[in-house]
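> Sequence and predicted structure, then a few things I'm wondering about:
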Amino acid sequence: MSFSLCTSASLKREVLGVAEFTANKFRRKKEDDSSQTATLRKAEIQSLPNPSLTGIVFMNSVLNHSGYHQLNQNLEKSTYQHFLKKIMAVVVISFAALFCSCSTAQALPFGTSVDGDNFVTIAVSKAEAAVVQVNVSKTVGGSIPGVFRPFAGRSAPPGNVIRGLGSGFVINSSGQIITNAHVVDNADTVTVSFQGGRILEGKVLGKDPVTDVAVIQVNAENLPIVTLGDSDKVRQGQWAIAIGNPLGLQETVTVGVISGIDRSSMDIGVPDKRIGFIQTDAAINPGNSGGPLLNANGDVIGVNTAIIRGTQGLGFAIPINTAKQIAQQLIATGEVQHPYIGIQMVALTPQVKTMINQAPNSDIKVEDDRGILVLQVGRGSPAAKAGLRTGDVIKELNDQPVDTAKTIQQVLDQVGVGGQLNVKVQRNDRAVTLAIEPEQLPTMPMQ
């Protein structure tokens, strides 16, 4: 930025000097021979000391547009002050356009300063001091889910002790750290390594296998912390920066883009998770679990958590808004409530409606092309107890229209475990109203 500003200031001085020089020349007494005068003035302008290309173009745009002869005729009809105002207006507009152009160029992330800094180094320097290595010791017996297993660190045969598994980041100066639940699951001991070699003992405040978020507490104050971003504003194509400790290589940085958002747990092979994952092609490797995914400003937008085995450029992160909400509950109570009603569903569109109605051997026929179609009702689930059936189309929850599965989950979270959910459904050709009481989602061991 300093180089561009210096260049702009220098150009401003030169252009102002050119304008003043031109105005002073036109204050002289007009020569009788106008053609000779025009030739003389053109020579004088060309002899300006160190004229920049931009200055010459500017002068040409002012003086050569209609020629010296026409300009002299115009000067006879106006005062010197009026002409000077015109010159200064053009100078100001030209300089403003140049400054805007320089500012736009500086906003691009590819800019590199003289000392080699760019948007990645700046973003990393903002967060790296708060990124830690989470060291655990535990006896492993195949308890890590398949999609997470290569992501958690060095592998070991069942029954052996494994150490040095993962990453995390400090979210407040009192020593609370977010990491993955599968990193600290069944851990016998937990320690945290900071930048510079400092190692502190850690205590797991709580872990949530449903979202794979855990919180560790260390006894320290005034620790460096990350800045939490807003994952709801993440869009495909934005920059993504991953920091972590793959295979014990501390403070490893990789860069890519946001490849996708709101990837369902079914899409990546962990159907028991309740997350709309962020997908990135920033390289994340075994040991990155629990580390931050940053945007170009160095703000945390996700928690790196999973890869798909046998692929490249397919990494997934928990959105930071979800992780923050879960962490707050874990810090407060040590556990998280996950209300559920026990259905499989799909959002209806005209295309989905046609696909279902044309599917061979389908027992479901759909008349609506908007709403949430119930594909299956779990046996003994809250939905089953309330009388919800396969083929019902959910139209409203608590008087709120719904047309996406995400909206249903949001309303369900607002109601909470033990609340009441008033559900309006379309069943064949009639409307039905049901009352469902959400229950706590049954937890399954991580496997």
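That came through fine. This one's a predicted model, so the numbers in the text were calculated from it and none came from an experiment.
> Quick check: chain neighbours aside, which residue is closest to Ile356?
Val366 (5.3 Å; Cβ to Cβ, 6 or more residues apart in numbering). The C-beta positions use only the backbone N, C-alpha and C, and glycine is treated the same way.
> How about the contacts made by the one you found?
For Val366, the contact set (Cβ atoms under 8 Å, 6 or more residues apart in numbering) comprises 348, 353, 356-357, 373, 391, 393.
> Buried residues in stretch 295-303, which are they?
By neighbour count with 16 or more other Cβ atoms under 10 Å, stretch 295-303 contains the buried residues 295, 298-303.
> What is the neighbour count of Ser381?
Neighbours of Ser381 under the rule other Cβ atoms under 10 Å: 18.
> so who does it touch?
Ser381 is in contact with 340-343, 439, counting by Cβ under 8 Å, 6+ apart.
> Kindly report the same for Ala283.
242, 254, 256, 313, 315.
> Need the max-distance pair from the residues you listed.
Ala242 and Gly313 (12.0 Å; Cβ to Cβ).
> what residues are shared contacts of these two?
256, 283.
> Compare neighbour counts for these two and give me the winner.
In this view Ala242 and Gly313 are compared by other Cβ under 10 Å, and Ala242 has more residues nearby, 25 against 15.
> what's the pLDDT at the more buried one?
Listed pLDDT for Ala242 reads 95.
> Roughly how far does the closest residue to it other than its chain neighbours sit from Gly310?
Leaving aside its sequence neighbours, Ala242 sits nearest to Ala282 (Cβ to Cβ, 6+ apart; 4.4 Å). From Ala282 over to Gly310 the distance is 18 Å, taken as Cβ to Cβ, to the nearest Å.
> Looking at the two, which one has more neighbours?
Comparing Ala282 with Gly310 by neighbour count (other Cβ under 10 Å), the higher total belongs to Ala282, at 23 against 7.
> Which residues outside stretch 387-407 are in contact with it?
Identification of contacts with stretch 387-407 by Cβ under 8 Å, 6+ apart yields 262, 276, 341, 343, 345-348, 363-366, 368, 370-377, 408, 411-412, 415, 421-428, 431-432, 434, 436.
> The same query, at a cut-off of 7 Å, please.
Defining contact as Cβ atoms under 7 Å, 6 or more residues apart in numbering, one finds that stretch 387-407 is touched by 343, 345, 347-348, 364, 368, 370-377, 408, 411, 421-427, 434.
> what's the burial count for Gln358?
Look at Gln358: counted by other Cβ under 10 Å, it has 8 neighbours.
> One more: Glu251?
So Glu251, with other Cβ under 10 Å, has 16 neighbours.
> OK, contacts around Ser174?
Contacts for Ser174 (Cβ under 7 Å, 6+ apart) come out as Glu221.
> cool, and Asn295?
Neighbours of Asn295 in contact, by Cβ under 7 Å, 6+ apart: 229, 238-239, 301.
> all strands of the stretch 151-300 of the chain, in order?
161-163, 167-172, 176-180, 189-193, 199-208, 213-218, 239-244, 252-263, 277-280, 292-294, 300-307 (DSSP state E, counting those that start in this stretch).
> a markdown table please, covering the ones you listed and showing distance to Asp399.
Output for the strands of the stretch 151-300 of the chain, formatted as a markdown table (distance: least, Cβ to Cβ, whole Å):
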| stretch | distance to Asp399 |
| --- | --- |
| strand 161-163 | 51 |
| strand 167-172 | 37 |
| strand 176-180 | 36 |
| strand 189-193 | 46 |
| strand 199-208 | 30 |
| strand 213-218 | 32 |
| strand 239-244 | 39 |
| strand 252-263 | 26 |
| strand 277-280 | 31 |
| strand 292-294 | 37 |
| strand 300-307 | 34 |
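> right, so those: which one is the most enclosed?
strand 292-294 (a mean of 31; mean count of other Cβ atoms under 10 Å).
> so for that one, what's the average pLDDT?
On average, strand 292-294 scores 97.
> For that strand, enumerate the helices and strands it packs against.
Counting contacts by 3 or more Cβ pairs under 7 Å, 6 or more residues apart in numbering; DSSP states H and E, strand 292-294 is packed against helix 119-127, strand 239-244, strand 300-307.
> and of the strands of the stretch 151-300 of the chain, who's closest to Thr322?
Closest of the strands of the stretch 151-300 of the chain to Thr322 is strand 213-218, at 7.7 Å (criterion: Cβ to Cβ).
> by contact count, what packs against the closest one?
Checking 3+ Cβ pairs under 7 Å, 6+ apart, strand 213-218 ends up next to strand 176-180, helix 181-184, strand 189-193, strand 199-208, helix 320-333.
> Where does pLDDT dip in the stretch 151-300 of the chain?
For the stretch 151-300 of the chain, applying pLDDT under 70 flags the ranges 151-160, 162, 164.
> Fine by me, we can end here.
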